[in-house]
Each structure stands twice: as structure tokens, then as C-alpha cells.
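1. Okay, sequence plus prediction incoming.
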Amino acid sequence: MGRIRILPPGLVSKIAAGEVIERPASVVKELVENSLDAGASRIRVELVDGGRRAIRVTDDGEGMTPEDAELALKRHATSKIASEEDLGRILTLGFRGEALAAMAEVSRLILITRAEGYPAVRLVVEGGQLKEKREVGAPRGTQVEVKDIFFNLPARRKFLKASQTELGHATEAVIRMALARPEVDFRVEHEGREILSLQPSSERDRVAAILGRELHPHLAEVDRTDGPLRVKGWVTLPPYARGNTRGIYFYVNRRYIRDKILGKVLGEAYSRLLPRGAYPVAVLFLEVPPEEVDVNIHPTKMEVKFRHTEDVYHLLREALEEVLGSGDVHLPSGMSSPSSQVQESPAPYVPTLPLRPEEGEDRFRPLGQIGQTYLLVEGEKGLLVVDQHAAHERVLYERLKSRRVPAQKLLLPAVVELQGMEAEVLLERRSELAALGFEVEPFGPRSVAVKAIPSLIRVHELKETLEEVASEITGDNGLERARVLLACRGAIKASTPMTPEEIGRLLRELFSTSHPRTCPHGRPTFIEITLEELHRRFKRT
């Protein structure tokens, strides 16, 4: 008997559903796209357990008739394309007719919808099987509730991440669409708590509302046209920058996309204006004739293929050069010419051991600094060259790990407005934050009130520090990554002068740690040149 067999239709449907629906965020994305395609002006997303237990999306769009509602739950049923030719000129966000059917296949789904002039209908589907259909009372629009995603695919369900992680992905899916549709009212709630509320606004205000209100004075408008192509949007002007790429968004015909070359063009435009490791905020919309772009190359529709690729990239490059070369841009302090060198802000060295003689203090004799970055020290066996930042980083890391960094109470709580899910993440992780020296309380949908901070953190860096902590502390080993981050932030920086006494104290602290040879990132804290090696190099042996 042969080993190859035709799979049963039910299994085929579940496999196909898994290609479209990967996690709760996939459900949110597909449902919100349907709402936008239906002309909704208000969209509300409600989640339970990060979307793992329940997702409900409600809109005031045009709704569906009872007949269309039942048909929409079948695979490849759509109102958005009718022929093969339509694939070459797609203007809607959805078009395959797969999303609702895929959700119904791997969850318990409830659909309530009403079109103008028709009665509302309620459909209940479980694992792809229609369990109930009846008329109900409801306003015009659509509500879809997806419960227990992957309940019938335990192999997929066990790979879902923690509630907070899934919630972050789901909220980010809404943010990507909300940036492109500032005229639409978006609200996201998690277990009854509002975590995102966006009223209709201008494009500029929507960007600032989502990515940080401090952006307003730093935003410059981009708008350039070349024939049928247009790029518009908003970018930040140097010296404003962030330490990650989370504020960069690209769109084609209002559809969020990922494109490495677009990112490279953006990076090149800023390469002479920002130091390495610093990134702008950019929300850029490409308008391309639908027949000139293929959005049907990946199930998530986040990858596209341009017919005239070079024209698109050239337009973006020119648009950015036009804005960044307009004369409004000035180089960051300390950068007199283009350079890839990282300039770290000097920070004073603060000793973390008592200022008293220590046993073995005479083991090292400080000789001085090189470039106010490396320490020259005479040791027992020869010469040590110490990276002052890496050494201090190791000291602070071990103090954080043993909870020996005191918390500094603030005279008045500092209210910090954060982006996206950052406030929610910090509040969910309050116990871990307390172990690091932070005390935070809720203060509005996307803000926290900070009552205490670890003594190694400077208050003026609090917002940026909390943003980075929120990014690091989620997922596996999050507390450990946050310790490494804080140690790096609190450590003495390159280009900071140190006295011989400070150098001596730092060395004593370093060699009292359990792993003095490396910083928490694994880089060496010092290199040693022995007397024997010096003799050999000077040909004395």
C-alpha cells in the first residue's frame, strides 16, 4: 500500500487557517482591516488574557446582510474582488476571503452584523461548524468575537506566548493601522482597562499621540511626487533620535509593510546626521498605482513587490534628502563632521563601595587614562588596560543582582507618558521593577507615576530608561536583561575623566565581583600585558 494519501478536508482547512492566523494579533489585524474596508469611523477592540481567551472587535461600518454574513464564513468568499484581473489592482486591505473562515476553523466565533435596511443576524461557529443562526437586535455595523483561539489545535496553542506578550503584539497591530487612518476613532481595552484611545485627528497629531507627544516640535513633513508615485508622511529632524527602530513605519497605499531596502534608504539618509545606534522616528506613506505593486505574495500581506522598484526607492531617497537637507537640520552636539563614531555622554563616576582603605589596596597603582576612556594600571604581574565603562558596568550589574542598589524616593512623583503597550507592561511587572529599585503606579491610559528610581539612574533620563526597560523586561529572562540594561545605563561613560583615587576604588570594586574579567554583555573589562611579554616585545629575552 502506498504511503502518500490525500488529507481530509477538515485537516486541510486547519492547516490553511494556521497560515493566516498565527496568533491573537493576526485575528485583530484581519478583523480591524475588515472594519476599515467596511468604512467604519469607530473601531473598538476588546481582549481577554492578551487575546488568548477572547478577542472582540466592534465597528460602525456598513455591516452585512444575513445572506452575506453566512457566506463570509466560507473560504474564498469575498466582496472585494471578482476576477483574476482584480488581483492586479487591489485597493482594499483584505481581498482573499480567508480571514473569517480561518478564524472560524480554529476558534469559537460569534458574528453579529446588520446592514442598512436588513435585520441583524447572529451566527455562532465552532471549529468550522455552524452551530447557530438567528435574528437579533443590533445597530448597523459588525461585531466579531473570537474565543479560545486554537482550542482544537493544541500543538499550535501551546506555542502562544504569555498574555502580556500577545497583548503587545495585538496592540501593535492596531497601532500600525491607526497611524494610517487618523480619521478613524480607535479604542483598545484589555480586561476592562483602556490601554489605547485615539480620537480622529490630523496625521501629525496621530503620530504624536501614538509615538510620543514630545515628538511634535521635532516632526518634519515629507511630501514628494514623481509621476504616479508619491511619498508623504512625517520624520524627526536631528538631533532628535531614539535608541531603537520601533518608531519606524512604512506603508504602501495605507497598508503597513516591511521592506529592508526602504529601511536601508532611510538609514542612509540619516547616516551623516545621527551617530551609530541612533534612529529617527519615521511614518512614511507610499502611494503607488495598484497595478504597480503586488500585495499578494505572502499570507500576512506585509511583504510587497514593486513593478518599478528603483523608481520607488529613488523617490523616497529624494524626498528625505529634500527634508533633511533643507537647512533646518543641525548636527548633534560634539559632531563637527560626518562620523560613525559613537559619542557617549559623559557621566560622573559614583563609587559604590565605602571610601575607606581596603585589604590589598596596594595591588594596583593607577597610572592614568587614555582618551578618558581606558585606564592604565600597574598590577602585580605587569600592565592592565581597563575599559572604565565595562568595568563599572560589571560592578553595577552585580549590585543590581544582589539588590544592593538603593532606591531613591522622588520628592514628587514623576509622570511619564509612554508609547503603545509600555505602560501596561511596566504595571504588569511591578514586582520585578521593585527588585530593580523602581516604584511605579498607574496614571492614565498610557502613563505611569514613578515614585522611586534606582540610585544609579539620572532623573532626566527616566522616560528613555523606562521605554528601554519595558522592551527588555518582557518574555523569557526579562529581569536579567533589564539588569544588564540598567547597569549599562548607570555606568561611567567613555570620555569621562577620573582621578587616581576614583580609578583605585573602581578597581577594588571590580576585583571584588564574581566575574571581573567581563562585563554583563560578555566584553572584556581589561587586557593584561605581563612583564614577560613586555620583555619579549622589547627583545630583552
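-> Received, thanks.

2. Could you list the domains of this protein?
-> Following automatic domain parsing, the chain resolves into domains at 9-198, 203-324, 361-528.

3. Can you lay out those as JSON lines showing mean pLDDT?
-> What follows is these, written out as JSON lines (pLDDT from 0 to 100):
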{"stretch": "domain 9-198", "mean pLDDT": "86"}
{"stretch": "domain 203-324", "mean pLDDT": "90"}
{"stretch": "domain 361-528", "mean pLDDT": "89"}
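
4. and of those domains, who's closest to Lys539?
-> Taking CB to CB, domain 361-528 is the member of the domains of the chain nearest to Lys539, at 16.8 Å. (Glycine included, C-beta is placed from N, CA and C.)

5. any idea which residue sits dead centre in the protein?
-> The structure's the chain has its C-alpha centroid closest to Arg246; by CA atoms, centre = their mean the separation is 4.4 Å.

6. List the residues that contact it.
-> Going by CB atoms under 8 Å, 6 or more residues apart in numbering, Arg246 touches 419, 471.

7. and it, helix, strand or coil?
-> At Arg246 the chain is in coil, as set by DSSP: H, G, I helix; E, B strand; the rest coil.

8. Tell me the spacing between it and Arg187.
-> Computed as CB to CB, to the nearest Å, the Arg246 to Arg187 distance reads 22 Å.

9. now Pro406
-> Using CB to CB, Pro406 is found at 41 Å from Arg187.

10. Likewise for Thr245?
-> Distance from Thr245 to Arg187, counting by CB to CB: 27 Å.

11. ditto for Pro217
-> Applying CB to CB, the value for Pro217 to Arg187 is 28 Å.

12. Determine the longest strand present in the chain.
-> Longest strand in the chain by number of residues (criterion: DSSP state E): strand 407-417.

13. Quick check: neighbours of it in the sheet, parallel or antiparallel?
-> Partner strands for strand 407-417, per DSSP bridges, with pairing direction: strand 447-454 (antiparallel).

14. Could you check which of Pro217 and Arg187 has the larger neighbour count?
-> More crowded of Pro217 and Arg187, by other CB atoms under 10 Å: Arg187, with 18 against 9.

15. If you drop the residues flanking it in sequence, what lies closest to that one?
-> Spatial nearest neighbour of Arg187, chain neighbours left out: Arg44 (4.7 Å); criterion: CB to CB, 6 or more residues apart in numbering.

16. Shouldn't that neighbour be within a strand?
-> Yes: the assignment for Arg44 by three-state DSSP puts it in a strand.

17. before we move on, back to that, got the buried residues for the longest strand of the chain?
-> For strand 407-417, the neighbour count (16 or more other CB atoms under 10 Å) marks 407, 413-414, 416-417 as buried.

18. Repeat that for stretch 472-490.
-> Within stretch 472-490, the residues scored as buried using 16+ other CB under 10 Å are 472-474, 478-479, 481-490.

19. can the domains of the chain go into TSV with extra columns for distance to Phe538?
-> Converted to TSV, these look like this (distance: least, CB to CB, whole Å):
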stretch	distance to Phe538
domain 9-198	58
domain 203-324	37
domain 361-528	13
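
20. for stretch 409-426, how far is the first residue from the last?
-> End-to-end distance for stretch 409-426: 18 Å, by CA to CA, to the nearest Å.

21. Was I right to think Tyr397 contacts Ala487?
-> Yes: with contact defined as CB atoms under 8 Å, Tyr397 counts as touching Ala487 (3.8 Å).

22. quick one on the thing from earlier: distance-wise, check the residue nearest to the centre of the chain relative to Tyr279.
-> Plainly put, Arg246 is 9 Å away from Tyr279 if you go by CB to CB.

23. swap in Val405?
-> Counting by CB to CB, the separation of Val405 from Tyr279 is 29 Å.

24. Strands of the stretch 51-200 of the chain, start to end?
-> 54-59, 108-114, 120-126, 129-136, 141-147, 185-190, 193-198 (DSSP state E, counting those that start in this stretch).

25. neighbour-wise, which of Val405 and Tyr279 wins?
-> Per other CB under 10 Å, whichever of Val405 and Tyr279 has more neighbours is Val405, with 22 against 19.

26. Shouldn't the more buried one be within a helix?
-> No: assigned with three-state DSSP, Val405 falls outside any helix and is coil.

27. quick one, what contacts it?
-> By CB under 8 Å, 6+ apart, the contact set of Val405 is 352, 396, 399, 436-437, 454-456.

28. Pull the most distant pair out of those residues.
-> Thr352 and Leu436 (15.3 Å).

29. more neighbours, these two?
-> Leu436 (22 against 19).

30. Surely the more buried one is in contact with Val484?
-> No: between Leu436 and Val484 there is no contact under CB under 8 Å: 11.3 Å.

31. For burial, what's the neighbour tally of Leu396?
-> Per other CB under 10 Å, the neighbour tally for Leu396 reads 29.

32. Look up how far Pro454 lies from it.
-> Applying CB to CB, the value for Leu396 to Pro454 is 9 Å.

33. Common neighbours of the two, please.
-> In contact with both Leu396 and Pro454: 405, 486, 490, using CB under 8 Å, 6+ apart.

34. hang on, the earlier thing: return the member of the buried residues of strand 407-417 nearest to Arg317.
-> Checking those against Arg317 by CB to CB gives Glu417 as the nearest, at 33.3 Å.

35. Is that closest one bridged to anything, and to what?
-> Glu417 forms beta bridges with Ser447, as assigned by DSSP bridges.

36. How much space separates it from Thr373?
-> 35 Å.

37. All good on my end, thank you.
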